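S.K.: fold the stuff below for me.
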Amino acid sequence: MIQKGFIEKVLEGGLRAQVKAFQGEILPDVLLLHPNGEASNPEVNESSNVLLFFALGSKTASFGIPYNPPQQPTLEPGEKAVGNFSVGNKITFKANGDIEVIATNDLIETVVNKTVTATTNITLSAPTVSLGDAVGLVLNDAAAMEVVIPGGSSAGTYPVSITNAGQTKVSA
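M.R.: The predicted structure follows:
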(Lines give C-alpha, C1' and ligand atoms only; values in the text may rest on other atoms or scores of the structure.)
Protein backbone atom coordinates (compact mmCIF):
# COMPACT_ATOMS: atom_id res chain seq x y z
CA MET A 1 0.00 0.00 0.00
CA ILE A 2 1.29 3.51 -0.87
CA GLN A 3 -0.02 6.68 0.75
CA LYS A 4 0.85 10.36 1.24
CA GLY A 5 1.67 11.69 4.69
CA PHE A 6 3.04 14.76 6.44
CA ILE A 7 6.15 14.81 8.64
CA GLU A 8 5.25 16.05 12.12
CA LYS A 9 8.49 15.32 13.94
CA VAL A 10 11.91 14.15 12.76
CA LEU A 11 13.62 11.53 14.90
CA GLU A 12 17.22 10.29 15.11
CA GLY A 13 18.65 13.09 12.94
CA GLY A 14 16.52 12.27 9.92
CA LEU A 15 16.57 8.47 10.06
CA ARG A 16 12.98 8.18 11.29
CA ALA A 17 9.94 10.41 11.64
CA GLN A 18 6.54 10.70 13.26
CA VAL A 19 4.12 11.06 10.35
CA LYS A 20 0.48 12.05 10.05
CA ALA A 21 -1.02 9.81 7.37
CA PHE A 22 -3.39 11.25 4.76
CA GLN A 23 -6.49 10.15 6.71
CA GLY A 24 -5.17 11.72 9.94
CA GLU A 25 -3.72 8.58 11.56
CA ILE A 26 -0.44 9.17 13.45
CA LEU A 27 2.40 6.79 12.55
CA PRO A 28 4.96 7.16 15.38
CA ASP A 29 7.95 5.42 13.77
CA VAL A 30 8.41 5.70 9.99
CA LEU A 31 11.83 4.75 8.59
CA LEU A 32 12.90 7.51 6.16
CA LEU A 33 14.56 6.28 2.98
CA HIS A 34 17.22 8.25 1.09
CA PRO A 35 19.14 7.27 -2.06
CA ASN A 36 22.46 5.52 -1.45
CA GLY A 37 25.15 8.05 -0.57
CA GLU A 38 22.67 10.77 0.38
CA ALA A 39 21.32 11.82 3.76
CA SER A 40 19.02 14.53 4.98
CA ASN A 41 17.35 15.77 8.12
CA PRO A 42 14.06 17.09 6.69
CA GLU A 43 12.60 20.39 7.82
CA VAL A 44 9.24 20.17 9.52
CA ASN A 45 6.78 22.66 8.05
CA GLU A 46 3.33 22.70 6.40
CA SER A 47 4.74 21.29 3.16
CA SER A 48 6.97 18.53 4.59
CA ASN A 49 5.46 15.57 2.79
CA VAL A 50 6.40 11.92 2.81
CA LEU A 51 5.48 9.16 0.38
CA LEU A 52 4.57 6.21 2.60
CA PHE A 53 5.03 2.51 1.87
CA PHE A 54 3.67 -0.22 4.11
CA ALA A 55 5.33 -3.64 4.14
CA LEU A 56 2.62 -6.23 3.44
CA GLY A 57 0.03 -3.53 4.21
CA SER A 58 1.12 -3.29 7.85
CA LYS A 59 1.28 0.24 9.25
CA THR A 60 3.70 -0.94 11.95
CA ALA A 61 6.31 -1.59 9.22
CA SER A 62 6.20 1.74 7.40
CA PHE A 63 8.80 3.40 5.23
CA GLY A 64 8.78 6.88 3.74
CA ILE A 65 10.53 9.04 1.18
CA PRO A 66 10.51 12.68 2.33
CA TYR A 67 9.88 15.47 -0.18
CA ASN A 68 8.89 19.12 -0.11
CA PRO A 69 7.23 20.23 -3.37
CA PRO A 70 7.39 24.05 -2.89
CA GLN A 71 11.14 23.89 -2.30
CA GLN A 72 11.97 21.89 -5.43
CA PRO A 73 13.91 23.97 -7.99
CA THR A 74 12.69 24.37 -11.55
CA LEU A 75 14.84 22.18 -13.77
CA GLU A 76 15.18 21.74 -17.51
CA PRO A 77 14.67 18.27 -19.02
CA GLY A 78 17.71 16.10 -18.25
CA GLU A 79 18.83 18.09 -15.18
CA LYS A 80 19.27 16.94 -11.57
CA ALA A 81 19.77 19.05 -8.45
CA VAL A 82 20.70 18.24 -4.86
CA GLY A 83 20.83 20.71 -2.03
CA ASN A 84 19.11 22.52 0.78
CA PHE A 85 16.53 24.18 -1.44
CA SER A 86 14.82 26.05 1.43
CA VAL A 87 17.83 28.40 1.70
CA GLY A 88 18.88 28.27 -1.97
CA ASN A 89 21.99 26.08 -1.68
CA LYS A 90 22.24 23.57 -4.50
CA ILE A 91 24.38 21.68 -6.95
CA THR A 92 22.73 21.39 -10.35
CA PHE A 93 23.90 18.94 -12.98
CA LYS A 94 22.86 20.84 -16.10
CA ALA A 95 21.52 19.21 -19.27
CA ASN A 96 24.43 20.67 -21.29
CA GLY A 97 27.02 18.97 -19.03
CA ASP A 98 27.81 21.99 -16.81
CA ILE A 99 27.77 21.64 -13.02
CA GLU A 100 26.45 24.71 -11.21
CA VAL A 101 27.18 25.19 -7.50
CA ILE A 102 25.22 27.87 -5.62
CA ALA A 103 26.01 28.62 -1.97
CA THR A 104 24.04 31.38 -0.27
CA ASN A 105 26.73 31.59 2.40
CA ASP A 106 30.30 30.24 2.64
CA LEU A 107 31.50 27.35 0.48
CA ILE A 108 34.05 25.43 2.53
CA GLU A 109 36.30 22.79 1.01
CA THR A 110 38.67 20.68 3.09
CA VAL A 111 41.07 18.55 1.07
CA VAL A 112 44.55 17.11 1.31
CA ASN A 113 45.49 18.24 -2.22
CA LYS A 114 43.46 20.00 -4.89
CA THR A 115 44.08 20.23 -8.60
CA VAL A 116 42.07 22.60 -10.77
CA THR A 117 42.49 22.11 -14.52
CA ALA A 118 40.72 24.22 -17.09
CA THR A 119 41.23 23.75 -20.81
CA THR A 120 40.20 27.32 -21.65
CA ASN A 121 39.85 29.81 -18.80
CA ILE A 122 39.50 30.29 -15.04
CA THR A 123 37.75 33.45 -13.87
CA LEU A 124 37.68 34.68 -10.27
CA SER A 125 35.24 37.50 -9.62
CA ALA A 126 35.03 38.93 -6.11
CA PRO A 127 35.56 42.25 -4.29
CA THR A 128 38.60 40.68 -2.58
CA VAL A 129 40.66 37.62 -3.49
CA SER A 130 42.90 36.40 -0.66
CA LEU A 131 45.82 34.34 -1.98
CA GLY A 132 47.34 33.47 1.39
CA ASP A 133 50.72 31.76 0.82
CA ALA A 134 50.16 31.53 -2.95
CA VAL A 135 52.04 34.76 -3.69
CA GLY A 136 55.13 33.61 -1.80
CA LEU A 137 54.97 30.21 -3.44
CA VAL A 138 55.19 31.59 -6.99
CA LEU A 139 57.85 34.25 -6.38
CA ASN A 140 60.93 32.09 -6.78
CA ASP A 141 64.51 33.15 -7.51
CA ALA A 142 64.92 35.57 -10.42
CA ALA A 143 61.25 36.60 -10.31
CA ALA A 144 60.50 40.20 -11.26
CA MET A 145 57.53 42.49 -10.80
CA GLU A 146 56.63 46.17 -10.63
CA VAL A 147 55.14 48.15 -7.77
CA VAL A 148 52.96 51.11 -8.69
CA ILE A 149 52.39 53.94 -6.23
CA PRO A 150 49.62 56.05 -7.78
CA GLY A 151 49.97 59.29 -5.84
CA GLY A 152 51.90 61.30 -3.27
CA SER A 153 55.57 62.27 -3.07
CA SER A 154 56.68 58.71 -3.96
CA ALA A 155 54.36 58.29 -6.94
CA GLY A 156 55.73 56.20 -9.75
CA THR A 157 56.41 52.70 -11.02
CA TYR A 158 59.28 50.84 -9.42
CA PRO A 159 60.88 47.58 -10.60
CA VAL A 160 61.34 44.86 -8.00
CA SER A 161 63.74 41.95 -8.44
CA ILE A 162 63.68 38.92 -6.22
CA THR A 163 67.14 37.42 -5.97
CA ASN A 164 66.46 34.86 -3.24
CA ALA A 165 62.87 33.95 -2.41
CA GLY A 166 63.89 30.77 -0.62
CA GLN A 167 60.95 28.89 -2.05
CA THR A 168 61.07 25.41 -3.54
CA LYS A 169 57.34 24.65 -3.35
CA VAL A 170 56.41 25.63 -6.93
CA SER A 171 56.37 22.90 -9.53
CA ALA A 172 55.44 23.07 -13.19
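S.K.: tell me the spacing between Ser47 and Val160.
M.R.: Noted for Ser47: a distance of 60 Å to Val160, by C-beta to C-beta, to the nearest Å. From N, CA and C alone the C-beta is placed, and that goes for glycine too.
S.K.: looking at these two, which is more packed in?
M.R.: Ser47 (13 against 10; other C-beta atoms under 10 Å).
S.K.: look through the chain and tell me its longest strand.
M.R.: strand 2-11 (DSSP state E).
S.K.: what is the burial count for Ser40?
M.R.: 13.
S.K.: and what of Phe54?
M.R.: Neighbour tally, Phe54, other C-beta under 10 Å: 18.
S.K.: return the set of buried residues in the helix or strand following the longest strand of the chain.
M.R.: Proceeding N to C from strand 2-11, the next assigned helix or strand is strand 16-21, under DSSP states H and E. Going by neighbour count (16 or more other C-beta atoms under 10 Å), the buried part of strand 16-21 is 16-19, 21.
S.K.: ok, so of these, who is nearest Ile149?
M.R.: For the buried residues of strand 16-21, the residue nearest Ile149 by C-beta to C-beta is Ala17; the value is 63.5 Å.
S.K.: what about the residue nearest to Pro159 when sequence neighbours are not counted, distance to Gly152?
M.R.: Distances taken as C-beta to C-beta, 6 or more residues apart in numbering place Glu146 nearest to Pro159, at 5.7 Å, with adjacent residues excluded. Applying C-beta to C-beta, the value for Glu146 to Gly152 is 17 Å.
S.K.: and for Thr60?
M.R.: For Thr60 relative to Gly152 (C-beta to C-beta), the value is 80 Å.
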